[in-house]
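Peer 1: below are the sequence and a predicted model; questions follow.
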Amino acid sequence: MNTTVEGKVTLLSKKGMKELKKSISQLEHDRAQALLALREQDKTSAHDERFTRADRIAAIDMIEAELEEKRYTLSRAKLAPKQKGQLRVAIGSVVDLIDKQGRKLRFQIVDTLEANPSDGRISAASPLGQSLIGKTVMDIVKWSTNATTNQLRLIRIT
């Protein structure tokens, strides 16, 4: 999940930064609870609970690995700059698109780390995101998925 290359900054929206910090906080809480459960189990030290102890240790290791990764990402993260009156699509842009049937779609272009298409946030690395980067208002945006070619018109950038 780590999209940060050594020395490269990850641009996040305010929402993405808040979600990352919340995720770190939740992982810290989960780790503390898992460690507490392990300590309580060690007090009883029943022979038949060896496997449960091994499972808890493995779970703690997974939590700590994810926590380390998210902390590293946070250390490299910066808020995506707000660019008023953008002429070209970039990470952080909110774009309005229209399809052939006249339906309007709105997406925010974000780093892969915070992409959530069902919430309207698409990765700049996705096929649609890649074809949007650098486009201007009224450009036709084309991208392919499997055997299908899709097309939308860019009508607004904010």
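Peer 2: Good, I have the coordinates.
Peer 1: please make it C-alpha for all contacts and neighbour counts, starting now.
Peer 2: Will do.
Peer 1: just checking, next helix/strand downstream of the longest helix along the chain?
Peer 2: Taking DSSP state H as the criterion, the chain has its longest helix at helix 14-44. Using DSSP states H and E, the helix or strand that follows helix 14-44 in sequence is helix 50-76.
Peer 1: next SSE after that following helix?
Peer 2: Next along from helix 50-76, by DSSP H and E: strand 77-79.
Peer 1: give me the next element, helix or strand, following that following strand.
Peer 2: Later in the chain than strand 77-79, the nearest helix or strand by DSSP H and E is strand 94-98.
Peer 1: so which elements touch that following strand?
Peer 2: Packed against strand 94-98 by the contact rule (3 or more C-alpha pairs under 8 Å, 6 or more residues apart in numbering; DSSP states H and E) you find strand 104-110, strand 148-157.
Peer 1: ok, K135 touching I91?
Peer 2: No: contact criterion C-alpha atoms under 8 Å: K135 and I91 do not qualify, at 11.9 Å.
Peer 1: show the contacting residues for the residue most central in space within the chain.
Peer 2: Central residue of the chain (C-alpha atoms, centre = their mean): E114, 1.9 Å from the mean position. Taking C-alpha atoms under 8 Å, 6 or more residues apart in numbering, we find E114 in contact with L12, G16, R121, S123.
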